[in-house]
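Engineer: pasted the sequence and its predicted model underneath.
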Amino acid sequence: KLIYPIIIQSIVVYLISTVHTMAMSSVSVEAVSAIGVTTTLITFCNTLLQCPYTGATVLISHSLGAGDKSKSNRLFTASVYSTVFLSLLVGAILFFFSSQIVSCYDVHGLTFSYAVIYLQIRAAGLIFTGLAQCLLAAIRCVGKTLITMTSSIVTSILNVIFCILIVSDIVPFENKVAGVAIAGVLSQAIGMLMALFPSLKMYKLLPEFSWKHIKRIVAIGFPGTIGILAYHFSVTLTTGIITTLGDIAINTRTYVTNIIHYIPIFAAASTQGSSIFLGRLMGRKDFKNCKKVAAQNTALCILVGVALAFLAFVFSDPIMRIFTDNPEIIRPARVIFALEILLEFFRSFNQIYGNAALVCAKDVYFTSALGIASCFLVTVSFTWLFIVKLGFGLEGYFMAAILDEGVRAVLHVWRWKSNVWQKKLLKE
């Protein structure tokens, strides 16, 4: 009941993103390039906005598990106010310094103009994105994942409909890039309103907030946010290494990634579902069932993830022929799909024990430090070693990713089994 709406939501968001890109490609090359540049910035900002609601999700789940509704309301209030403040701050920086920020990407002419106007409009509407994510996270804590699924799907579909109306000149816009940006902001605003009304039925938004609760929220959310930002930076570095292999390798990675990013959807959904359930159990100090739920969900993630990866490997050739008939791409893709099987095995441990269980136990400094260290010491370093020094080609990147997931899986399980998190929670 908790997981399946999250799975459907994730699939729809991926599909909508693909349709959105296809719609923009009909405008111009400069429009696609401009949105590609600014999307990286928007994604970065959305990651920053995760800080308040990531910490609030853990604390609200604990308070609900302990039956303290009053505390849940105070935490919800602190989360909303801190999200509003952070969204306005980040949005203002992007809006007023948009030209300077875009110029760092070395784009010129029409691409530069498109990128600046798109970034300014999206920055003005960043508060809707931040609030929508904050409210949906709070609703998810109550276990109402069907509401979060509906809101996200409606937002995504409206975004695509608005874009198609603008690109097709049904709704005339002289600057279609600006029109698409407005469509994105409008759909996010509607999504925020869809989340606002049910969340206010579940929680009471108080007129005042507590700095104590904001500090607690940031103490949990900030380390995780830094870890995600470090991951994005490491991806940039590994992409730079992969580009040295040439266009064939870049295209192979692009095509393969378009397929394999669907495989971990179940594990990612299980992480969110497990976080809700484990947070409640930890709030009640029911550590025996915490361990049982974590073990069961990990086993389920391994079963589904490995099975999906195996099917992708078996049907890798016909799948890849959807994109290309080039044997130089299909051949290495087959090997990469085989490596993905082992990658999914280790990833399942990290999703449940790392991203769900230990984060719910407020052991965020360990998980974040491990994630940051592994990004650079394992993923980036071994990608360079396997590709540049040993000449393993694109497969070397996925081998490095397996090492990264494997090292973190072992350490996450070790940390969970050590019961350090349990001792910390008992002291509270």
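Structural biologist: Received it, and whenever you're ready, just let me know what you need. It should be emphasised that the depicted structure is a prediction, and the values quoted were computed from it without experimental measurement. Numbering: from 1, shown residues only.
Engineer: report the central residue of this protein.
Structural biologist: residue 47 (7.8 Å; CA atoms, centre = their mean).
Engineer: ok, it to residue 321 distance?
Structural biologist: Distance, residue 47 to residue 321, by CB to CB, to the nearest Å: 35 Å. No exception for glycine: its C-beta is placed from N, CA and C like everyone else's.
Engineer: same thing with residue 157?
Structural biologist: As for residue 157, its distance to residue 321 is 30 Å (criterion: CB to CB).
Engineer: follow-up on the earlier one: look up the closest residue to the residue nearest to the centre of the chain, ignoring the ones flanking it.
Structural biologist: Distance criterion CB to CB, 6 or more residues apart in numbering; nearest residue to residue 47, sequence neighbours excluded, is residue 228 at 5.1 Å.
Engineer: which element is that neighbour on?
Structural biologist: Using DSSP states H and E, residue 228 maps to helix 211-243.
Engineer: do the same with residue 371
Structural biologist: Here residue 371 is assigned to helix 364-374, by DSSP H and E.
Engineer: list the contacts of residue 264.
Structural biologist: By CB atoms under 8 Å, 6 or more residues apart in numbering, the contact list for residue 264 reads 305, 344, 347, 351.
Engineer: wait, I meant residue 352
Structural biologist: 267, 270, 271, 274, 294, 297, 298, 301.
Engineer: do that again at 7 Å, thanks
Structural biologist: 270, 271, 274, 294, 297, 298, 301 (CB atoms under 7 Å, 6 or more residues apart in numbering).
Engineer: what does the pLDDT read for the residue nearest to the fourth one when sequence neighbours are not counted?
Structural biologist: Distances taken as CB to CB, 6+ apart place residue 357 nearest to residue 294, at 4.7 Å, with adjacent residues excluded. The confidence metric pLDDT takes the value 89 at residue 357.
Engineer: kindly report the same for residue 36.
Structural biologist: pLDDT, read off for residue 36, is 67.
Engineer: residue 14 too?
Structural biologist: 60.
Engineer: could you do residue 272 as well?
Structural biologist: 74.
Engineer: ok, it to residue 375 distance?
Structural biologist: 22 Å.
Engineer: how about low-confidence regions in the protein?
Structural biologist: Filtered on pLDDT under 70, the chain yields the residue ranges 1-26, 29, 33, 36, 40, 105, 428.
Engineer: shouldn't residue 364 be in contact with residue 222?
Structural biologist: No. The criterion here is CB atoms under 7 Å, and residue 364 misses it with residue 222 at 8.4 Å.
Engineer: returning to that earlier point: report the angle between the helix holding residue 228 and helix 364-374.
Structural biologist: Using axes from the mean of the first three to the mean of the last three CA atoms, to 10 degrees, the direction of helix 211-243 lies 10 degrees away from that of helix 364-374.
Engineer: contacts for the helix or strand following helix 211-243 next, please.
Structural biologist: Later in the chain than helix 211-243, the nearest helix or strand by DSSP H and E is helix 247-260. The contact list for helix 247-260 (CB under 7 Å, 6+ apart) reads 242-243, 312, 319-320, 323-324, 328-329, 332-333, 336, 340, 393-394.
Engineer: just the buried ones among these, please.
Structural biologist: Among the contacts of helix 247-260, the ones that count as buried by 16 or more other CB atoms under 10 Å are 242, 312, 319, 320, 323, 329, 332, 333, 336, 340, 393, 394.
Engineer: and these as TSV, adding distance to residue 258?
Structural biologist: Listed next are the buried ones among the contacts of helix 247-260 as TSV, based on distance: CB to CB, whole Å:
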residue	distance to residue 258
242	15
312	12
319	10
320	10
323	7
329	12
332	15
333	11
336	12
340	13
393	19
394	15
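Engineer: what sits against residue 57?
Structural biologist: Taking CB under 7 Å, 6+ apart as the test, what residue 57 contacts is 137, 141, 275.
Engineer: mind checking which of those land in helices?
Structural biologist: Mapping these onto helices (DSSP state H) picks out 137, 141, 275.
Engineer: so the second one touches residue 60, yeah?
Structural biologist: Yes. With contact taken as CB under 7 Å, residue 141 and residue 60 are classed as touching, separated by 4.6 Å.
Engineer: in whichever helix or strand comes after the helix holding residue 371, what's buried?
Structural biologist: Reading on from helix 364-374 to the C-terminus, the next helix or strand found by DSSP H and E is helix 381-384. Using 16+ other CB under 10 Å as the burial criterion, the residues of helix 381-384 that qualify are 382, 383, 384.
Engineer: out of these, which comes closest to residue 207?
Structural biologist: residue 383 (51.4 Å; CB to CB).
Engineer: for residue 260, see how far away the closest one is.
Structural biologist: 17 Å.
Engineer: also residue 350?
Structural biologist: From residue 350 to residue 260 the distance is 16 Å (CB to CB).
Engineer: more neighbours: which of those two?
Structural biologist: Higher neighbour count among residue 350 and residue 260: residue 350, with 28 against 20, using other CB atoms under 10 Å.
Engineer: ok, the residue nearest to residue 294 touching residue 416?
Structural biologist: Yes. Counting by CB under 7 Å, residue 357 touches residue 416, with 5.9 Å between them.
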